[in-house]
Every structure is written in structure tokens, then in C-alpha cells.
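[1] here you go, sequence then predicted model.
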Protein chains: 2
Amino acid sequence: MIYFISYDVSNPKRLNKVAKTLENFGIRIQFSFFECEMEREQLEELKSALLKIINKKEDSLRIYPLCQDCAAKTTSLGNGNIFIPKTFEIL
Amino acid sequence: MIYFISYDVSNPKRLNKVAKTLENFGIRIQFSFFECEMEREQLEELKSALLKIINKKEDSLRIYPLCQDCAAKTTSLGNGNIFIPKTFEIL
């Protein structure tokens, strides 16, 4: 299943940790917006990792599932570029 | 139908125009990420308005549809706050 994760993290250190964690699970579409294709177990693993990083009062993170049908209807305007970050395998 | 729109616009003036335009169509979830509930015609109206603003080479904008099922499964971590911007009616 595809999940979109967007976040608002005010503290730069936490912001970087959140991005680094998400890079292990998916592709950075925009500065604070990731696209992750994963199974339920991985999503739970990701959520618990993120919960250890964020400040629950200050930071906001949203996880949007995108079914096959919705994913197929996604469109882009402009260059449609996405960040090409380094992706890491979970060993 | 709910649509998520995320964008990467390098030029501050265009960035502001894109945000102002999107504020007429939905709610700002994060800095460059909007949630818009609209019909097909409004989506087309929005797309043509945005295409007049963005620089197709430099800027990137993505439109993700979210069906009822996916929308219902959206989760948030942390304060789950969303920006509460001024919303404008289209007269």
C-alpha cells in the first residue's frame, strides 16, 4: 500500500531525524512530504520510530493511505520532479 | 472528492501566489501542502489558475485524489494541528 506522509516539525534536529527515518521507508516528494510503499507491519515500525523522535506537542505528522485507484489518478503540473534522495535498505 | 496538493515552488512571489490561489479552494495542512474538497470542475478551474502562476520548468506541483475510504484511514501523530488560514469564498 502507498502512504503519503507529511510533517511539520519546528526543531531542525528533529526535522532532520524525521527525514532520515522516512528516507529508510520511502521517497521524498517534497521538502516535508514523503511517499512510502509499505506493508502494515512496516507502517507500524515507522510510526513507533517517528513517535520516538517527534515532540507530540510541537510537531505534527500526517499519514495518508493511497489505494491503487487513487494512486493511479495522481497528476502533476510543472516539472513534476521529485527529490532523488539516497535511499537506504533496512538490513 | 478530496484532493491533496503539494508543491515545490522556488520563487517566493510565485510561491505566495500558489498558496493564495489554493486558499480559495481548500485548507493548508502544512507549509506547501493543501487539502481541498472539490468537484471535477473546480479541480480543472484550479489547475488552469495554477498553470498561469507556476514556472513549468522550475516548479513542481502534485495533485493526489483521496477517495472516501482512503480519507477515512488518514492518521496523525503529534499535535495533528493544521494551519488555520483565512479561507475565501469564490463569489
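    Yep, that arrived. Residues are numbered from 1 along each chain as shown, chains lettered A, B, ... in the order given.

[2] centre of the chain to stretch A:67-79, how far?
    Centroid separation between stretch A:67-79 and its chain, computed with CA atoms, centre = their mean, to the nearest Å, is 17 Å.

[3] using PDB, write out the CA atom coordinates for that stretch.
    The C-alpha trace of stretch A:67-79 is given here as PDB (Å, rounded to 0.1, in the frame of the first residue of the first chain):
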ATOM      1  CA  CYS A  67      -5.200   3.000  -2.600                       C
ATOM      2  CA  GLN A  68      -4.300   1.700  -6.200                       C
ATOM      3  CA  ASP A  69      -7.200   3.600  -7.700                       C
ATOM      4  CA  CYS A  70      -6.200   6.900  -6.100                       C
ATOM      5  CA  ALA A  71      -2.500   6.400  -6.800                       C
ATOM      6  CA  ALA A  72      -3.400   5.900 -10.500                       C
ATOM      7  CA  LYS A  73      -5.200   9.200 -10.600                       C
ATOM      8  CA  THR A  74      -2.400  11.300  -9.200                       C
ATOM      9  CA  THR A  75      -1.400  14.100 -11.600                       C
ATOM     10  CA  SER A  76       1.500  16.600 -11.600                       C
ATOM     11  CA  LEU A  77       1.900  20.100 -13.000                       C
ATOM     12  CA  GLY A  78       5.200  21.800 -13.800                       C
ATOM     13  CA  ASN A  79       8.400  19.700 -13.900                       C
END
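
[4] wait, isn't residue A:77 in contact with residue B:63?
    Yes. Between residue A:77 and residue B:63 there is a contact under CB atoms under 8 Å: 7.3 Å. Every residue, glycine included, has its C-beta placed from N, CA and C.

[5] is chain B within reach of the helix or strand of chain A with the lowest mean pLDDT?
    Comparing helices and strands within chain A by mean pLDDT, DSSP states H and E singles out strand A:27-30 as the least confident, with a mean of 82. Yes. Counting by CB under 8 Å from any CB of the partner chain, chain B is contacted by strand A:27-30 at A:29-30.

[6] confidence score at the nearest residue to residue A:73 once chain neighbours are set aside?
    Of all residues not flanking residue A:73 in the chain, residue B:65 sits nearest, at 4.7 Å (CB to CB, 6 or more residues apart in numbering or on different chains). For residue B:65, the pLDDT comes out at 91.

[7] what do you get for residue A:52?
    97.

[8] how many neighbours does it have?
    Neighbours of residue A:52 under the rule other CB atoms under 10 Å in any protein chain shown: 9.
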